[in-house]
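*Asks:* structure, please.
(chains A and B)
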Amino acid sequence: MRLAAPLAVVLLAAPSASPGAPRLSVPYEMFRLPNGLTVIVHEDRSAPIVSVNCWYHVGSGRETPGRTGFAHLFEHLMFEGSKNVPEGAFDRWLEAVGGSNNGSTQEDRTNYYEDVPANALEMPLFLESDRMGFLLDKLTSDTVDGQRDVVKNERRQSYENQPYGKVEDALPPALFPKDHPYSWPVIGSMADLGAASQQDVVDFFKKWYGPANASLVIAGDVDAGEVRTAVEKWFADVPTSDPIDPIVPRPVVLREEKRVVLEDKVQLPRLYLAWVTPPAFAPGDAALDAVAAVLAGGKNSRLYKRLVYELQVAQDVTAFQYSQGLASTFQVIVTARTGHDLVEIQKLVDEEIAKLQAAPPSERETVRFQNRTEASFFDRLESVGGMGGKADQLNLYYFRTGNPDFFEEDLARYRALAPNDLQAAAARYLGAGRVLVSVVPEGKRELAVPEVGK
Amino acid sequence: MSARFVVRAVLLALAPVLGAAPLLAQADRSQPPKPGPVRALKLPPVERLSLSNGVNILLVGVHEVPVVEVILVVRAGAVADPGGREGTAAMTADLLDEGAGGKDALALADAIDFLGATIGAGASWDASTVRLRVPVARLDAALGLMADVALRPDFPEAELARLRKEALTDLLQARDVPAAIASRALAQAVFGPGHRYGKPQAGGAAELASFTVAELRAFHAARYTPGASSLVVVGDVTSAVLPALEKAFGSWKASSAAPAPPAVPAPRQLTTRSVWLVDKKAAAQSSLRLGRIGPSWPDPAYAPNEVMNTLLGGSFTSRLNDNLREQHGYAYGARSLFRRNLTGGQFLVATDVQTDKTGPALGEVFKELDRILLPASPEEVERARNYAALGYASDFETTSQMAQRMVDKVVYNLPDGFYEAFVPQALATDVAGLQKAARAAVDPKRLAVVVVGDRATVEAPLRALNLGTLRVLGVDDVMGKAPTID
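*Replies:* Residues are numbered from 1 along each chain as shown, chains lettered A, B, ... in the order given. Next comes the predicted model:
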């Protein structure tokens, strides 16, 4: 709900690449508690909602081989009770005040949010602080076992029972060497999940879930001063934790093309082309977002237009830069139509990539991408809570850049791109060292791009 | 450069300021904190305007970000499909932006994308909609394109051929997706093959393969008329936008006499319980779906029904989710919901459970369906009504959410104040009210059960539950033969 109250997004007239474009700003206050917790507060009085968004700077990339899936398992265990919150009460108490919550896990971070009516702000602060400070007081092997089962079903539902779901397991080890933290899937392996001991779980929490490795955003219909008082009240008794070493980029250079063929219960073959690319916010990162759009964003994008619209050899085509801290990945995914194999698809994709590497895209292709990007930034400023709302983005920008209000600077990365930058990024990063995964219907390996030497 | 390194640098710079915070209050963790007084749901006003040709406009100012959504709502959806030509409304909507107003499909898409706009069209059971979302600074240019799409589509033959292939391929791919198979089977089991709701909203392979440009053009001419349409405008605009809307849509006239408003017979409630087992060999999970006929819009029991559903399967702590996920670990989640149309609707339960637990999991679902008919504890009822009522404001937060609520208001004839009334009505739902809603909506003996899973593993345990007649089907029986695509 929005009322014509003070604008939460301050739109100032300022010089920018696209004339007349408003400057994006999400004002905030930031402070740090003596125990190391970083707190960011943003007032948005437009709806009577407040979001409490907590990032732990740990994801599957902090795990060790043989003990994968812990960060995600913890995402589940964090809702199972803590010293002063009996099992099941986290959700019950939150729902009883009209709140909802969720969490998610990636390679570099785990996020948790609680969205509540503004009159109930203290409830999520109590719940978040209790599990940050006192989770282990309640954690039993029964709760761990229970959530292990839930996670195994999440794995079945999201990967094993989903067409093409096997790729999630196959891509990470193909793209990254065995000792690289991105070489296993975020959800972990069934075997590791089964082998996790109670002590493993306790050790993992002690190492990674302290206030010095977390950042807390409170955004919504609140008074920043009152929030500070409430946060200090609830988080002051959370014990101090040791600082954590920062994430340091670990680039990977693929020297050659690796090919993987998977058979699955699918009707149509699908080709995944993947490269290891520069980390989030590093030079080349934004340009690769633009390259993805020029290749597969909208009807006039090059791959869509050629493969789906004109030749009609593909059902769909997707391209994206998945930006992460150690290294990013750039992927192109194409589903072939009946009667077309993946060798044909690969040839067409490679032709289009080669064209982009040989000559810059048109001015119109570039500006079209920039205009769409600007509109998407507006879209991202609408929700205060939830996954990807303003609270979550303040945490994202803080985590990646140190500046929670990085919206305008982020958009400026895209506004600054010239056609030559896109060509340069395609030429430099989408080279011969890459991974091709063919997923084909069971028994139809002849539709795949064959594995080398077979 | 390391992002985390930058983080640290900033924190060090801030440290002197941060150290000064005094600690005043001490946390009392012995009980959960009490919330402050509940605030009433206060929605921004709905302004009513109209164009010179009679098209009504609902305008809601939402001024947080400089974007606006304009939605043309045509009260003719899939129930207006001519008999035997299911999918006409959907395919008509799909073709609108494939060439219009003298621009071909690519030129049109380029013009829309260049504005940073999106224009989409689609059909639900009761309405077809054309939706524009655009930064306000570019609204005028985008409105012209939207009017071309909605009012002056070209229906090019080649684009129909392309979309036909795409839609048939979608049908082919749906055979891989257990949820899609289960959803199709449940519609057939609940509504029967004779009812429109029992057939695919977007049409089956036979219709998709034979649509002609002429019949889509005829559907558009007959159904997309000013008399059947409204405009919903939500975003960073005021009534000063009226001349721009008038310019785009004001000269639109019906090209023929209005046909009778579309209608569908009320679906007949199930009188028995039946079980369909659809064999999906070696599936890692079984997709369970249970359904029966549910209430229509506007549902006089909307608030108590939603509170009841919150407790049964509409929230994380709901009995179904708590039982199947938290207590038993059979599933990643379980839920229930109402789907309401202008005429009739559906009440359904959905969960995907691990294959070897299919029998016990379905047994637990029925335990919960039986139990919801008994009085719930006052604590559960209070939690459910608070969750439904107090979280309701967040359904109106964004431009898109507000616009969708306004579209529903138009399509389903929801009276003024309907949304605002939900909060006090939900908060007033007590143990008896919740039980009454459950007894009206849930009848464990009169519903359809669909299981999509590995027959070899799950058939015996299913039979042992003795739920009623068990029919074993193949994917072809539900989805039809795999379509051939040239």
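*Asks:* may I have the distance across stretch B:384-401, first residue to last?
*Replies:* Length of stretch B:384-401, first residue to last, CA to CA, to the nearest Å: 22 Å.
*Asks:* in it, what's buried?
*Replies:* Across stretch B:384-401, burial judged by 16 or more other CB atoms under 10 Å in any protein chain shown covers B:384-394, B:396-401. Every residue, glycine included, has its C-beta placed from N, CA and C.
*Asks:* among these, which ones lie close to chain A?
*Replies:* Checking the buried residues of stretch B:384-401 against chain A by CB under 8 Å from any CB of the partner chain, the ones in range are B:384, B:386-387, B:389-391, B:393-394, B:396-400.
*Asks:* among those residues, name the ones in helices.
*Replies:* Counting by DSSP state H, the part of these found in helices is B:Ala384, B:Asn386, B:Tyr387, B:Ala389, B:Leu390, B:Thr399, B:Ser400.
*Asks:* as a markdown table, those with pLDDT would be great.
*Replies:* As requested, these are exported to a markdown table (pLDDT from 0 to 100):
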| residue | pLDDT |
| --- | --- |
| B:Ala384 | 97 |
| B:Asn386 | 95 |
| B:Tyr387 | 95 |
| B:Ala389 | 95 |
| B:Leu390 | 92 |
| B:Thr399 | 96 |
| B:Ser400 | 97 |
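*Asks:* and these, which two are furthest apart?
*Replies:* Pairwise distances across those peak at 29.2 Å for B:Ala384 and B:Thr399 (criterion: CB to CB).
*Asks:* coming back round to it: among the ones next to chain A among the buried residues of stretch B:384-401, which pair sits farthest apart?
*Replies:* B:Ala384 and B:Thr399 (29.2 Å).
*Asks:* residue contacts, the residue nearest to the spatial centre of chain A?
*Replies:* With distances taken as CA atoms, centre = their mean, A:Gln106 lies nearest the centre of chain A, 5.7 Å away. A:Gln106 sits next to A:Gly59, A:Ser60, A:Val186, A:Gln324 when contact means CB atoms under 8 Å, 6 or more residues apart in numbering or on different chains.
*Asks:* repeat the analysis, applying 10 Å as the threshold.
*Replies:* Under the criterion of CB atoms under 10 Å, 6 or more residues apart in numbering or on different chains, the neighbours of A:Gln106 are A:Gly59, A:Ser60, A:Gly61, A:Ala71, A:His72, A:Val186, A:Tyr322, A:Gln324, A:Gly325.
*Asks:* do I have it right that A:Pro34 meets A:Pro239?
*Replies:* No. Counting by CB atoms under 10 Å, A:Pro34 does not reach A:Pro239; the two are 11.0 Å apart.
*Asks:* give the contact list for residue 340.
*Replies:* Since no chain was named, I'll use chain A. Per CB under 10 Å, 6+ apart, neighbours of A:His340: A:Leu268, A:Pro269, A:Leu307, A:Leu311, A:Gln312, A:Val313, A:Ala314, A:Gln315, A:Val334, A:Leu348, A:Leu447.
*Asks:* if you could check chain B rather than the one you did, that'd help
*Replies:* Counting by CB under 10 Å, 6+ apart, B:Arg340 makes contact with B:125-126, B:294-299, B:302, B:305, B:346-347, B:408, B:412.
*Asks:* ok, now how distant is the residue nearest to the centre of chain A from B:Ala109?
*Replies:* A:Gln106 is 32 Å from B:Ala109, where distance means CB to CB, to the nearest Å.
*Asks:* what's the answer for A:Thr105, then?
*Replies:* From A:Thr105 over to B:Ala109 (counting by CB to CB), the distance is 36 Å.
*Asks:* by mean pLDDT, which helix or strand of chain A comes out lowest?
*Replies:* Scoring the helices and strands of chain A by mean pLDDT, DSSP states H and E places strand A:12-13 at the bottom, with a mean of 38.
*Asks:* next secondary structure after that one?
*Replies:* Sequence-wise, the next helix or strand downstream of strand A:12-13 (DSSP states H and E) is strand A:22-23.
*Asks:* tell me the confidence at A:Val384?
*Replies:* We have a pLDDT of 96 for A:Val384.
*Asks:* and if you look at A:Lys152?
*Replies:* At A:Lys152, pLDDT is 86.
*Asks:* repeat for A:Pro19
*Replies:* For A:Pro19, the model assigns a pLDDT of 49.
*Asks:* ramachandran coordinates for the residue of chain A found nearest chain B?
*Replies:* Closest residue of chain A to chain B, CB to the nearest CB: A:Gly98 (2.3 Å). Main-chain dihedrals, A:Gly98, degrees, to the nearest 10: phi 90, psi 20.
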